[in-house]
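> Structure for the following, please:
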Amino acid sequence: MQISARALAPVALALLAAGCSTANLPWGGSATPAATGPTGAPAGGTCDAASAQALIGQNSTAKVVEDARVRSGAHLARVLRPGQMVTKEFDAQRLNLEVDGNGRITAVRCG
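Just a heads-up that it's a prediction; the model follows:
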């Protein structure tokens with residue numbers, strides 16, 4: 001019995017499509033791991049600055065900045081120093097930490 005390439009094409013296409021599916025992985029997980037920040041904490045999404053207000057007055061060390069990002073649920077955080085030029089576009093996934101000349105956090109806001 002001889003099978004033509006034309007008859008095998010739909011079967012090959014179905015097998016390729018099934019191989020790309022991630023819905024039913026045998027280990028029950030996802031094909032791509034959840035995004036994480038530098039500390040391994042979830043990468044976050046929309047910012048909520050209220051959760052990070054408790055960090056006002058702390059030094060803006062890398063650990064404190066990452067803690068503020070994780071608390072706020074933001075995707076990223078930036079430290080704004082006095083007189084520093086910054087972009088003005090609003091980003092709902094960004095946490096802004098305003099600091100004084102000594103590096104102490106004076107304000108926490110999203111954008």
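> Which pLDDT value goes with M85?
Here, the pLDDT recorded for M85 equals 94.
> again with G45
77.
> give me every residue that touches it.
When contacts are counted by CB atoms under 8 Å, 6 or more residues apart in numbering, G45 touches G73, A74, H75, Q93. (C-beta placed from N, C-alpha, C; glycine too.)
> Quick check: bridge partners of it?
Taking DSSP bridges as the rule, G45 bridges to A74.
> Who are the contact partners of the nearest residue to S51 once chain neighbours are set aside?
Closest residue to S51 apart from its sequence neighbours, by CB to CB, 6 or more residues apart in numbering: R71 at 4.4 Å. Contact analysis of R71 by CB under 8 Å, 6+ apart lists S51, A52, A54, L55.
> which SS state does R71 fall under?
State at R71, reduced to three classes by DSSP: H, G, I helix; E, B strand; the rest coil: helix.
> Can I get the contacts of R71 in JSON lines including neighbour count, distance to L97 and pLDDT?
Converted to JSON lines, these look like this (neighbours: other CB atoms under 10 Å; distance: CB to CB, whole Å; pLDDT from 0 to 100):
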{"residue": "S51", "neighbour count": "16", "distance to L97": "13", "pLDDT": "94"}
{"residue": "A52", "neighbour count": "26", "distance to L97": "8", "pLDDT": "96"}
{"residue": "A54", "neighbour count": "12", "distance to L97": "13", "pLDDT": "96"}
{"residue": "L55", "neighbour count": "18", "distance to L97": "8", "pLDDT": "97"}
